[in-house]
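> How does the following fold in three dimensions:
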Amino acid sequence: MADDRTTSEKGADNKVRGKVNDLKGRVKDAAGGLTGDAGLQAEGKLDRAKGKVQDTVGDVQRKIGRKKDR
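Numbers count the residues shown, from 1 in each chain. Next up is the predicted model:
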C-alpha cells in the first residue's frame, strides 16, 4: 500500500507523535519517581528521548516538504 501523503504531512504526523511520546514519557517518569519504580522511570526517559527524536525528524521532513513545494 503506497503512502500518498506529502513529506510535509508526514513531518506534521511525526511532530504530533513525538509530542505524544514525550508527554507519555513525562507521565511515566514522574509516576516512576513518585512510586520508586526505577524501571518505569527509565521507560519514561526512553519514551521522552524517542519523542524528541521523532519531533526532530518531523521538523526536518516539514522543512524538506516546504522546499519541494517551492
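> and whichever strand or helix holds Leu34, what does it pack onto?
According to DSSP states H and E, Leu34 maps onto helix 7-35. Helices and strands in packing contact with helix 7-35 are listed as helix 38-69; criterion 3 or more CB pairs under 8 Å, 6 or more residues apart in numbering; DSSP states H and E. (C-beta placed from N, C-alpha, C; glycine too.)
> now Arg48: how far from Gly65?
Using CB to CB, to the nearest Å, we find Arg48 at a distance of 26 Å from Gly65.
> For the residue nearest the centre of the chain, which residues are in contact?
Centroid-nearest residue in the chain: Gly18, 1.4 Å away (criterion: CA atoms, centre = their mean). Counting by CB atoms under 8 Å, 6 or more residues apart in numbering, Gly18 makes contact with Lys50, Gly51, Lys52, Val53, Gln54, Asp55, Thr56, Val57, Gly58.
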